[in-house]
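1. Quick one: sequence and predicted model below, then my questions.
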Amino acid sequence: MPVEFRADLHIHTCLSPCADLFMTPRNIIEKAATLGINIIAVCDHNSAENIAVTHDLGRKRGITVIPGMEITSSEEVHILGLFGSLDRVYDMQEQVYEHLQPGENNEDAFGMQVVVNEEDEVLAFNKRLLIGSTDLSIDRVVAFIHGFQGIAIASHIDREGFGIIGQLGFIPPETGFDALEISSKTPRDKAVETFGMYRSIPWITSSDAHQLEDIGRKTVGLHLNHATFEELSLALRGVEGRKVIF
Amino acid sequence: MELQEIINSLSLEVKTPGLDLHREVTGGYVSDLLSDVIGNANKGNIWVTLQIHLNIIAVASLKELAGIILVNSRNPDTDTLKKANAENIPVMTSTLPTFELVGRLYALGLRCR
């Protein structure tokens, strides 16, 4: 019998250049625990290098951490990929790194990209241009995500910058997204009114947190048997009483 | 050509009034894809776009652009203007659509270089 879990499926860490440096895995897990969130997904821009540590810390605090990534397509559309294991997210990362716009991050312009350990100690600075785009079209990004058995979600479709509707005008029906994300800035009623034509695809809402106080500002209710990626995947398809409550 | 001359000729509205506008504009670039601007704009260019997201300032700063003109009276976010002031990137708006605005920049003698 499914029970309700609270999930925030879009959180950045200090690895994302635009995120606050206090967004360390330890701080994120503590904040999520304080708020009673059961499931989070770590989705940094075009990289997955802070997920393993967040995953380990989450396990100790009873929080499920789903490995994810926010991938920038060639059209500059943000797409969330959520994966069933660290290996799968690293498979995706390998593809993203291969297709990422060349160049080195400029910390003054874009911000630092910090890889940390469980103690918040700096292990490395990622030098790639994570703020940049891949040369993969939306269709190819979604195909890669599905190829690694992941869940593909169109990020913040209500946002003008980097949302699929803002960049392309509408969501091509054949794209094959498993879910659409409504950002924290659009109230539910307004979202239904504006984007009602896309209601055949499941909707989620999440914080897209770039700083600690953002975490949990929007969450989604998930009716699952267990707090796992597989159950989330089944809930998006409404299998046997599992469901997503937008 | 100085940025101030362009502003006067095209009646642009300056959204970052605190910044020095007496700076040399070497040419122009038009794109709404930030990755394209990172790849192809040149130092000292004026950038014409309809993107109003905060990231345009970081890109302009990285490429040392002379300024950004937003078309169709697009209103930048408060965060964008805050960052523009901090990074010393002048932001202007025009009531004209891109086609018209760029035609006038070209007529003033600016080129893509």
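-> Everything's here; your move. Residues are numbered from 1 along each chain as shown, chains lettered A, B, ... in the order given.
2. Okay, strands next: where are they in chain A?
-> Residue ranges of the strands in chain A, as given by DSSP state E, are A:3-11, A:39-45, A:64-72, A:78-82, A:114-116, A:122-125, A:151-154, A:179-182, A:203-205, A:220-224, A:243-245.
3. for those, which one sits closest to A:V53?
-> Shortest distance between A:V53 and the strands of chain A, using CB to CB, is found for strand A:114-116: 6.8 Å. Backbone N, C-alpha and C define where each C-beta goes, glycine included.
4. how many neighbours does A:T205 have?
-> 26 (other CB atoms under 10 Å in any protein chain shown).
5. hang on, A:A227 packs against A:N38?
-> Yes: look at A:A227 against A:N38 with CB atoms under 8 Å: they come within range, at 5.1 Å.
6. shared neighbours of those two, anything?
-> In terms of CB atoms under 8 Å, 6 or more residues apart in numbering or on different chains, A:A227 and A:N38 are both contacted by the residues A:F5, A:T64.
7. Turn the strands of chain A into CSV, including mean pLDDT and distance to B:V59.
-> Listed next are the strands of chain A as CSV, based on pLDDT from 0 to 100; distance: least, CB to CB, whole Å:
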stretch, mean pLDDT, distance to B:V59
strand A:3-11, 98, 23
strand A:39-45, 98, 15
strand A:64-72, 98, 13
strand A:78-82, 98, 16
strand A:114-116, 98, 21
strand A:122-125, 97, 20
strand A:151-154, 98, 23
strand A:179-182, 98, 24
strand A:203-205, 98, 29
strand A:220-224, 98, 32
strand A:243-245, 97, 36
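8. Now do the contacts for the single nearest residue of chain A relative to chain B.
-> For chain A, the residue closest to chain B is A:G161, as judged by CB to the nearest CB, at 3.5 Å. For A:G161, the contacting residues are B:Q51, B:I52, B:H53, B:N55, taking CB under 8 Å, 6+ apart as the criterion.
9. wait, which of the residues you listed is closest to chain A?
-> Nearest to chain A among the contacts of A:G161, counting by CB to the nearest CB, is B:H53 at 3.5 Å.
10. Look at that closest one and report its pLDDT.
-> At B:H53, the pLDDT value in this model is 84.
11. Work out the gap between the helix ranked longest in chain A and the centre of the chain.
-> For chain A, the helix that runs over the most residues, judged by DSSP state H, is helix A:86-99. Here helix A:86-99 is found 14 Å from its chain centre; the criterion is CA atoms, centre = their mean, to the nearest Å.
12. again with stretch A:18-37
-> Taking the mean C-alpha point of stretch A:18-37 and that of its whole chain, the gap between them comes to 14 Å (CA atoms, centre = their mean).
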